[in-house]
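In: sequence first, predicted model second:
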Amino acid sequence: MELNYQTLGFKCGLEVHQQLEGKKLFCNCPTLNSGKEVDVRFERRLRAVAGETGEIDVAALHEMQKGKKFIYEANSEDTCLVEYDEEPPYPINKDALETALKVALLLNAKIIDEIQIMRKTVIDGSNVSGFQRTALVAVDGFIETSKGKVGIPTICLEEEAAQKGEEGNDYVKYRLDRLGIPLIEAATSADIRDNEHAKEAAAHIGMVLRSVEGVKRGLGTIRQDVNVSIEKGARTEIKGFQDLRSIPKVIDYEIHRQLESIKSGKKLSREVRKAEADFTTSFLRPLPGAARLYPETDVLPIKIDKKYLEGLKKSLPKLLSHKAEEFGEKYNLPENLAKEAISNDNFEIFVKKFRKLEPLTIANILINIPKEIKTRFKEDSSKLTANDFEEILGYLNDGKIAKEAVIDLLLKKIKNEKIDISGFKSVSGSELEAEIKKLIAEKPGLNAGGYMGLLMGKYRGKVDGKKIMELLNQHIKSQF
């Protein structure tokens with residue numbers, strides 16, 4: 001069913017979370033998120049406490065009623081007593097704060113003159129203390145998009161949560177290597193007009209974040225939450241997007257889910273849901289509210305000096321979107337491809353990782369091949385994840401497959417088919433030439449198209465069709 005977002009009373013906002021490099025936010029541990037061998041292990045049970053309003057947050061109460069035990073595992077090289085909640089936090093990481101301030105200025109926001117650290121109740125086990133430290137850094141920002149201005153009312157600097165692992169009926173395991181990594185959260189207002197506009201806004205904010213030094217790059221270092229509601233529906237926060245391309249489909253699913261509930265007379269509740277791989281959503285917990293916040297008494301407020309701020313404004317980096325020409329020259333990309341590659345979260349990561357491949361090859365695989373899959377094969381290329389591209393690029397980088405096999409292997413990924421790369425190994429020029437000579441001798445008199453059909457049937461995904469035709473024409477001419 002075609003959706004009319006305007007008549008539905010559609011409202012949508014984003015929360016974009018970006019990890020930072022360097023040291024953790026409230027201790028001197030590195031932001032490695034390395035997952036080294038476990039040499040620290042302990043257990044906790046958490047209880048919800050009242051926030052500034054004197055009430056216990058509904059989401060915290062929901063988690064507490066599950067009665068689960070939390071098992072924490074870590075490596076002592078990249079965690080310490082602060083993460084274990086056995087030592088008070090250190091003063092805030094000034095490098096991380098400066099990075100957040102630069103991002104806020106690039107998002108046209110007003111910097112808070114005194115930054116107060118707050119505690120946000122979180123008792124799903126992802127924070128050992130039972131709360132997340134967060135600080136409001138700036139307000140009243142905005143970005144310009146193709147469908148108008150999108151406001152960014154708040155930009156925060158906060159601690160990253162622990163990484164969830166194994167879960168049973170009465171326990172959850174967490175790794176603490178990620179806990180405490182500095183995290184910028186930029187939240188938009190409900191100015192987003194439709195599902196594709198949400199994707200555009202998320203991409204723009206991601207581009208701004210990547211324009212600043214000190215921002216982490218790589219899989220899992222940036223994530224988006226989407227808040228959606230319609231008239232007579234309920235605000236729903238959706239977490240766990242695999243990548244930007246899945247945002248429009250998940251939003252559409254959520255709208256249809258709410259419409260079906262309204263039609264059936266069901267009362268919708270404000271809740272947090274998870275974005276699944278098939279673009280559906282599943283219930284996680286009730287939506288938290290203001291009752292979860294209360295002041296952090298272990299970290300002093302930070303005053304922002306006006307002269308320091310003026311200095312930051314004068315030294316802001318150029319946005320990546322304004323550097324497309326330089327980007328294209330750096331990686332030898334045509335202008336149109338450079339504009340798209342500069343906005344792709346994974347392009348530079350894969351260029352650095354797969355050094356045997358030309359940047360142009362990587363850009364084509366990330367940007368142009370998904371378009372070809374959609375138009376030529378009528379398959380949904382948005383199902384492809386960063387991990388899928390990384391796997392196929394790895395095969396190509398190691399010489400295990402021919403470049404021509406990439407599109408076939410990505411199609412198999414979309415269809416969840418088993419991949420056997422042994423059938424996609426590149427064919428040498430001498431082997432191909434020998435096969436052409438043999439074919440012409442066995443089947444004399446065919447035209448080039450006839451020979452080409454037979455050869456492509458045998459070598460599809462193993463060799464470039466242009467190369468086959470070039471050699472074929474040479475040998476057909478030599479017969480006369």
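Out: Arrived safely, thanks for sending.
In: ok, now which ones touch Ala275?
Out: 238-242, 246, 250, 281 (CB atoms under 8 Å, 6 or more residues apart in numbering). No exception for glycine: its C-beta is placed from N, CA and C like everyone else's.
In: from these, which ones fall inside strands?
Out: Among those, the residues falling in strands (DSSP state E) are 238-239, 281.
In: Ala291 and Asn227, how far apart?
Out: 18 Å (CB to CB, to the nearest Å).
In: for Asp408, see how far away Pro286 is.
Out: Distance from Pro286 to Asp408, by CB to CB: 45 Å.
In: what of Ala96?
Out: 44 Å.
In: ok, the two, which is more surrounded?
Out: Legend: neighbour count by other CB atoms under 10 Å for Ala96 and Asp408, higher for Ala96 (23 against 17).
In: so the more buried one is in which element?
Out: Assigned by DSSP states H and E, Ala96 falls within helix 94-106.
In: same deal with Glu254?
Out: Judged by DSSP H and E, Glu254 forms part of helix 247-263.
In: so which elements touch that helix?
Out: Judged by 3 or more CB pairs under 8 Å, 6 or more residues apart in numbering; DSSP states H and E, the packing partners of helix 247-263 are helix 195-210, strand 222-229, strand 236-239, strand 281-286.
In: so the residue nearest to Lys164 when sequence neighbours are not counted, which state does it fall into?
Out: For Lys164, the nearest residue in space outside its immediate sequence neighbours is Tyr174; the separation is 5.9 Å by CB to CB, 6 or more residues apart in numbering. The three-state assignment at Tyr174 reads strand, by DSSP: H, G, I helix; E, B strand; the rest coil.
In: for Tyr174, give me the pLDDT.
Out: Per-residue pLDDT puts Tyr174 at 95.
In: neighbours around it, how many?
Out: Tyr174 has 25 nearby residues by other CB under 10 Å.
In: could you pull up the residues touching it?
Out: Tyr174 neighbours (CB under 8 Å, 6+ apart): 70-73, 125-126, 162-165.
In: one more: Lys69?
Out: 43-45, 170-172 are the contacts of Lys69 under CB under 8 Å, 6+ apart.
In: can you check Gly450 too?
Out: Lys443.
In: that one looks like it's in a helix, true?
Out: Yes. Counting by three-state DSSP, one finds Gly450 located in a helix.
In: circling back to that earlier point, okay, the angle between the helix holding Ala96 and helix 195-210?
Out: Counting by axes from the mean of the first three to the mean of the last three CA atoms, to 10 degrees, helix 94-106 points 130 degrees away from the direction of helix 195-210.
In: what residues of helix 94-106 count as buried?
Out: Neighbour-count burial for helix 94-106, counted by 16 or more other CB atoms under 10 Å, picks out 96-97, 99-106.
In: kindly reformat those as CSV containing distance to Asn387 and pLDDT.
Out: Output for the buried residues of helix 94-106, formatted as CSV (distance: CB to CB, whole Å; pLDDT from 0 to 100):
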residue, distance to Asn387, pLDDT
Ala96, 28, 98
Leu97, 32, 97
Thr99, 27, 97
Ala100, 29, 98
Leu101, 33, 98
Lys102, 30, 97
Val103, 27, 98
Ala104, 31, 98
Leu105, 34, 98
Leu106, 30, 97
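In: export those residues as a markdown table, with columns for distance to Phe389.
Out: As requested, the buried residues of helix 94-106 are exported to a markdown table (distance: CB to CB, whole Å):
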| residue | distance to Phe389 |
| --- | --- |
| Ala96 | 30 |
| Leu97 | 34 |
| Thr99 | 28 |
| Ala100 | 30 |
| Leu101 | 33 |
| Lys102 | 30 |
| Val103 | 27 |
| Ala104 | 32 |
| Leu105 | 33 |
| Leu106 | 28 |
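In: break this structure into its domains for me.
Out: Following automatic domain parsing, the chain resolves into domains at 11-295, 323-424, 429-477.
In: quick one: low-confidence parts of the stretch 201-350 of the chain?
Out: For the stretch 201-350 of the chain, applying pLDDT under 70 flags the ranges 242, 290.
In: how far does stretch 170-182 stretch from start to finish?
Out: End-to-end distance for stretch 170-182: 30 Å, by CA to CA, to the nearest Å.
In: and if you look at stretch 106-113?
Out: 17 Å.
In: ditto for stretch 209-223
Out: 12 Å.
In: count the residues that sit near the residue nearest to Lys415 when sequence neighbours are not counted.
Out: The spatially closest residue to Lys415, leaving aside those adjacent along the chain, is Glu379, at 7.5 Å (CB to CB, 6+ apart). Under the neighbour criterion other CB under 10 Å, Glu379 is assigned a count of 17.
In: I'd like the next helix or strand past the longest strand seen in the chain.
Out: The longest strand of the chain (DSSP E) is strand 131-145. Heading C-terminal from strand 131-145, the first helix or strand you meet, by DSSP H and E, is strand 148-159.
In: return the set of buried residues in that following strand.
Out: Within strand 148-159, judged by 16+ other CB under 10 Å, the buried ones are 150-159.
In: now those residues as JSON lines including pLDDT?
Out: What follows is the buried residues of strand 148-159, written out as JSON lines (pLDDT from 0 to 100):
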{"residue": "Val150", "pLDDT": "98"}
{"residue": "Gly151", "pLDDT": "98"}
{"residue": "Ile152", "pLDDT": "98"}
{"residue": "Pro153", "pLDDT": "98"}
{"residue": "Thr154", "pLDDT": "97"}
{"residue": "Ile155", "pLDDT": "98"}
{"residue": "Cys156", "pLDDT": "98"}
{"residue": "Leu157", "pLDDT": "98"}
{"residue": "Glu158", "pLDDT": "97"}
{"residue": "Glu159", "pLDDT": "97"}
